[in-house]
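S.K.: sequence? don't have it. structure:
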Ligand SMILES: [Zn+2]
Ligand SMILES: [Zn+2]
């Protein structure tokens, strides 16, 4: 068993232990909890290296990890698997209207052991409960996540329909959308009303305008179904009375863990109860019409929504990158490969948009519409000429020459590594079999580059809603990047948003350097780079971690490769 497999087995072991122990009569609550806490700690840690120093993982657990490594199984887990339903039954809680109890009932009454098993039983006619069948098909249609950018592009009519009502004074997309999570499932919408008495009128009028069926309809809440992207999404409409807007915005933005952290702090330190409607302190009740005021009242620094998944130390102010910090872009395509505009037009447009430095990086030839090395070198020389003449003319705008070079399946480069002098830096990408042997391929590629600075493009290769990305020991991968001083790209293409934020957090802890890149194929780099910036925020990066934020930072990185 290699170290990656071992890690996954151990994580699975901890989760399964937690699941089964919950059903063991008289089991110690502390012991049950210790397994889920250990699973969280291990997941955070991300590797089996240095496991001894991880808090929450004791000697006892490590001896079970050793056994798993030796034998592939755990005798302790074998002892408890008879308690409660099979572990996979937990998946059934994702069915709409089926909670944890419903899932267990489904197992006990119909013998359903997993989602896959449920699909099989429905198909073979063994399960005929109409409600469960409907729940299954609803789940199937809506479970796929779609890129946030798709929601952003198609949500306009929904917002218009909401804003059209005279009873609505404010509309905002909350939940993970507000936190800039790159993928979406359901869409949480907050609507500010002066009084709850008009809610049902408003819901009917929005549903009518959108042609969206009403799924459920309450005094302060309604669900509509509405098509965004290729499938129907649940629009979760939450109506908020004016005075509660601040606390509601906090409540509906999440993350769940962040909200728990704020509430726990408020209760323990200030004796306050924070609800979605107000804050109760002793006999007094406080209302807030802005979210900032909630934080002020609690004497907490304001945490931007993007940071609320990973920044849980709520009393600490976070120093995080913002849109205005970004003055350069380092990954773009022109008509020389598969871009929509030629190099002159792209540079002109970038300069006009306020970029101070800008890298052009067309594909190498093996991607189909890429450039031969001879042509790429010619283009690179031309770009460097433009830079020289800009310097002479005291023009602040600096174009840089790069290439997005394919790393082949065997780790060799699509371009001759000895003829890269014309490029200021290169971008390495595994477009062919993007999930295959990524660590070794990139390491081989970096070795061949010698003293040429490199950015690792869209490292996991994930495409949201299509493929989940490479399975790699990322801690080891980032360590390797650091060794070669390679920069990790945060790619802003809507369906990529790669590397994901949990990996950014890990790489930041290892002091890696990052680039927030547009990977633009049009003349509007900001349209996608904005996703990369907010993803960097989700990963808690400060501007010092990102080379696009100052000419000096970028130059220092380039110069570090010089003798
Ligand atoms: Zn690429
Ligand atoms: Zn690209």
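M.R.: Received the coordinates, thanks. The shown structure was predicted, so the numbers you read here are calculated from the model rather than taken from an experiment. Residues are numbered from 1 along each chain as shown. Ligands and ions are numbered 1, 2, ... in the order given.
S.K.: how about residue 458, secondary structure?
M.R.: Under DSSP: H, G, I helix; E, B strand; the rest coil, the three-state class of residue 458 is coil.
S.K.: For it, give me the pLDDT.
M.R.: What the model reports as pLDDT for residue 458 is 97.
S.K.: mind listing what the closest residue to ligand 1 within the stretch 201-350 of the chain touches?
M.R.: For the stretch 201-350 of the chain, the residue closest to ligand 1 is residue 331, as judged by CB to the ion, at 7.9 Å. All C-beta atoms are positioned from the backbone trio N, CA, C, and that covers glycine. The contact partners of residue 331, by CB atoms under 8 Å, 6 or more residues apart in numbering, come to 359, 361, 402, 404, 427, 455, 457, 489, 491, 515, 517-520.
S.K.: Can you flag which of those belong to helices?
M.R.: Members of these lying in helices (criterion: DSSP state H): none.
S.K.: possible to save those as a markdown table with distance to residue 175 and neighbour count?
M.R.: Below are those laid out as a markdown table (distance: CB to CB, whole Å; neighbours: other CB atoms under 10 Å):
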| residue | distance to residue 175 | neighbour count |
| --- | --- | --- |
| 359 | 35 | 28 |
| 361 | 35 | 30 |
| 402 | 37 | 24 |
| 404 | 34 | 27 |
| 427 | 34 | 26 |
| 455 | 32 | 28 |
| 457 | 30 | 26 |
| 489 | 27 | 25 |
| 491 | 24 | 26 |
| 515 | 29 | 27 |
| 517 | 27 | 28 |
| 518 | 26 | 30 |
| 519 | 27 | 25 |
| 520 | 28 | 25 |
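S.K.: Dump the residues you listed into CSV; add distance to residue 4 as well.
M.R.: Shown next, in CSV, are the contacts of residue 331 (distance: CB to CB, whole Å):
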residue, distance to residue 4
359, 33
361, 31
402, 32
404, 27
427, 26
455, 25
457, 22
489, 23
491, 24
515, 27
517, 28
518, 32
519, 28
520, 34
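S.K.: restrict these to contacts with ligand 2.
M.R.: Of the residues in the contacts of residue 331, proximity to ligand 2 by CB under 5 Å from the ion holds for 404, 519.
S.K.: helix or strand for residue 63, which one?
M.R.: Residue 63 is part of helix 59-71, with elements assigned from DSSP states H and E.
S.K.: Show me this structure divided up by domain.
M.R.: Using automatic domain parsing, the domains assigned to the chain come out as 3-80, 87-142, 144-318, 323-559.
S.K.: Give me the distance between the two termini of the first one.
M.R.: What that stands for is domain 3-80. 26 Å (CA to CA, to the nearest Å).
S.K.: For residue 548, give me its contacts.
M.R.: If you count contacts by CB under 8 Å, 6+ apart, residue 548 has them with 326-330, 515-517, 554.
S.K.: And the buried ones among those, selectable in ChimeraX?
M.R.: The buried residues among the contacts of residue 548 can be selected in ChimeraX (16 or more other CB atoms under 10 Å) with this line:
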select :326,328,329,330,515,516,517,554
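S.K.: Go through the contacts of residue 548 and flag which are in strands.
M.R.: Taking DSSP state E, the ones among these that sit in strands are 328-329, 515-517.
S.K.: With distance to ligand 1 as new columns, can the contacts of residue 331 be given to me in TSV?
M.R.: Shown next, in TSV, are those (distance: CB to the ion, whole Å):
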residue	distance to ligand 1
359	13
361	9
402	12
404	5
427	8
455	11
457	5
489	9
491	7
515	13
517	10
518	12
519	6
520	12
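S.K.: picking that back up, quick one: which two of the contacts of residue 548 are the most distant?
M.R.: Across these, the longest distance by CB to CB is 13.4 Å; it joins 327 and 517.
S.K.: Quickly list what whichever residue of the chain sits closest to ligand 1 is bridged to.
M.R.: Nearest residue of the chain to ligand 1: residue 429, at 4.4 Å (CB to the ion). Beta-bridge pairing of residue 429 under DSSP bridges involves residue 406.
S.K.: ok, it touching residue 458?
M.R.: Yes. The criterion here is CB atoms under 8 Å, and residue 429 meets it with residue 458 at 6.8 Å.
S.K.: Name the next helix or strand downstream of the strand ranked longest in the chain, please.
M.R.: Longest strand in the chain by number of residues (criterion: DSSP E): strand 231-241. In the C-terminal direction, the helix or strand that comes right after strand 231-241 (DSSP H and E) is helix 245-253.
S.K.: centre of the chain versus that following helix, how much separation?
M.R.: Offset of helix 245-253 from its chain centre (CA atoms, centre = their mean, to the nearest Å): 22 Å.
S.K.: Give me the angle between it and strand 231-241.
M.R.: Using axes from the mean of the first three to the mean of the last three CA atoms, to 10 degrees, the inter-axis angle of helix 245-253 relative to strand 231-241 is 150 degrees.
S.K.: List the contacts of helix 245-253.
M.R.: Helix 245-253 is contacted by residues 170, 172, 174-175, 178-179, 188, 190, 192, 238, 240, 259, 262, 274-279, 287-294, 305, 308 when judged by CB under 8 Å, 6+ apart.
S.K.: Next one, pLDDT for whichever residue of the stretch 101-250 of the chain sits closest to ligand 2 please.
M.R.: Closest approach between the stretch 101-250 of the chain and ligand 2, counting by CB to the ion: residue 149, at 16.2 Å. Per-residue confidence (pLDDT) for residue 149: 93.
S.K.: which element is it on?
M.R.: helix 148-154.
S.K.: Find out how far whichever helix or strand comes after that helix is from the centre of the chain, if you would.
M.R.: The C-terminal neighbour of helix 148-154 among helices and strands, as given by DSSP H and E, is helix 156-163. Computed by CA atoms, centre = their mean, the separation of helix 156-163 from the middle of its chain amounts to 26 Å.
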